[in-house]
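**Student:** Sequence first, predicted coordinates after that:
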Amino acid sequence: MPAEGSRSFWLQLAESISRATSQPFVIENTTSASGGCINSAYVVSGGGKEYFVKTNRADLLDMFEAEGEALSVMSQSRTVRVPRPVNWGKADDTAWLAMEYIKLGGSGSQALLGEQLAAMHRSSADRFGWHRDNTIGSTPQHNRWHDNWIEFFRDQRLAYQLSLARRHGHHGSLQRNGERLLEVIEEFFTAYQPLPSMLHGDLWGGNYSTDESGQPVIYDPAFYYGDREADIAMTELFGGFGQDFHDAYNAAWPLDSGYAVRRTLYNLYHVINHLNLFGGGYAMQAENMINQLLSLRN
């Protein structure tokens, strides 16, 4: 993180923003902002311009590059509003991502978010994954392109998280039953063929708000192309999305009837990730979800 009063870092940041925007920019004010538990964040302003800046260690620049590129791709879909990236770089042992500053907190409609998210999910790719890896929280997220969604989700999502859990000392029934689930995962897709939709990837209530005009805004993506049900499932994991959202989404693009079961499968990925990040009671929650899925096999 830039040290308090690190004039060199802020000067280099301002010069970089000036080059990226082709407009002169001098930082006159720097205000700390909420940036989650991973990064430090600031609102920098000067000359009537404002930018939102995330910072972290210089060796984490790749994380910011992936996020900036994801925001750019999502913005180009012209569906849900996301902060437009300005640039990213590193200076004085600190990496940064600068983006559009959006004033949040307006009163908006979650129904509109449902409609816009369905439109974003219709933005597609030829395969599942993405051309680069990124992160889910601070955990590496692998996105190697794959033609087969079941294999992609099994190997690059659940199997990877289970292997991390093993390294963190979580053995026993979590691993035994987790392996059983991996072996039968195809049974949850016997009558359903997902399309590779543009996904936010980490769509919980903390990554959604509205701007001053009431327009929905989503941010902090863990972007890739995958089954749209994975995004919808996470909106139900920690709360924050009301029935208006779900009704509007289903009106725009109805979910398959099997979603009610696969929702648990997709949220298992996030629960095991939380186990790997935070430990605690997530082990029991993950085991219960695995047992539930095994009991619901076709």
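**Tutor:** Received the coordinates, thanks. All values derive from a computational prediction rather than experimental measurement.

**Student:** If you average the pLDDT over the strand or helix carrying residue 161, what comes out?
**Tutor:** Secondary structure from DSSP states H and E places residue 161 in helix 159-167. Averaging pLDDT along helix 159-167 yields 97.

**Student:** swap in stretch 135-150?
**Tutor:** 97.

**Student:** Could you pull out the buried residues of that stretch?
**Tutor:** Residues of stretch 135-150 classed as buried: 135-137, 141, 143, 146, 149-150 (neighbour count, 16 or more other C-beta atoms under 10 Å). Glycine gets a C-beta too; all of them are placed from N, C-alpha and C.

**Student:** any idea which helix or strand comes after the helix holding residue 161?
**Tutor:** Beyond helix 159-167 toward the C-terminal end (DSSP H and E), the next one is helix 173-184.

**Student:** Please state the offset of that next one from the chain centre?
**Tutor:** Here the centre of helix 173-184 is set off from its chain's centre by 26 Å, with C-alpha atoms, centre = their mean, to the nearest Å.

**Student:** next one: stretch 99-115
**Tutor:** With C-alpha atoms, centre = their mean, you get 17 Å for stretch 99-115.

**Student:** Let me know the average pLDDT across that stretch.
**Tutor:** Mean predicted confidence for stretch 99-115 is 91.

**Student:** again with stretch 217-237
**Tutor:** 97.

**Student:** Start and end of stretch 269-286, how far apart?
**Tutor:** 9 Å (C-alpha to C-alpha, to the nearest Å).

**Student:** Please identify the buried residues of it?
**Tutor:** Those would be 269-277, 282-283, 285-286, for stretch 269-286 by 16+ other C-beta under 10 Å.

**Student:** can you pull out the helices in this protein?
**Tutor:** Secondary structure of the chain (DSSP state H): helices at 7-21, 61-76, 110-121, 149-153, 159-167, 173-184, 228-235, 243-252, 259-278, 282-295.

**Student:** of all those helices, which lies closest to residue 49?
**Tutor:** Among these, the nearest to residue 49 by C-beta to C-beta is helix 7-21 (8.2 Å).

**Student:** in that closest one, what counts as buried?
**Tutor:** By 16+ other C-beta under 10 Å, the buried positions in helix 7-21 come out as 9-10, 12-14, 16-17.

**Student:** quick revisit: go through the buried residues of stretch 269-286 and name the one nearest residue 232.
**Tutor:** Proximity of those to residue 232 (C-beta to C-beta) peaks at residue 270, which lies at 12.8 Å.

**Student:** still on that earlier bit, narrow the buried residues of stretch 135-150 to those in strands?
**Tutor:** Using DSSP state E, 135-136, 141 are the members of those that sit in strands.

**Student:** Turn the buried residues of helix 7-21 into a markdown table, columns for distance to residue 168.
**Tutor:** Shown next, in a markdown table, are those (distance: C-beta to C-beta, whole Å):
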| residue | distance to residue 168 |
| --- | --- |
| 9 | 34 |
| 10 | 38 |
| 12 | 38 |
| 13 | 36 |
| 14 | 41 |
| 16 | 38 |
| 17 | 39 |
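
**Student:** which sections of the stretch 1-150 of the chain are below the confidence cut-off?
**Tutor:** Where the stretch 1-150 of the chain drops to pLDDT under 70, the residues are 1-5, 35-36.

**Student:** Nice, that's everything, thank you.
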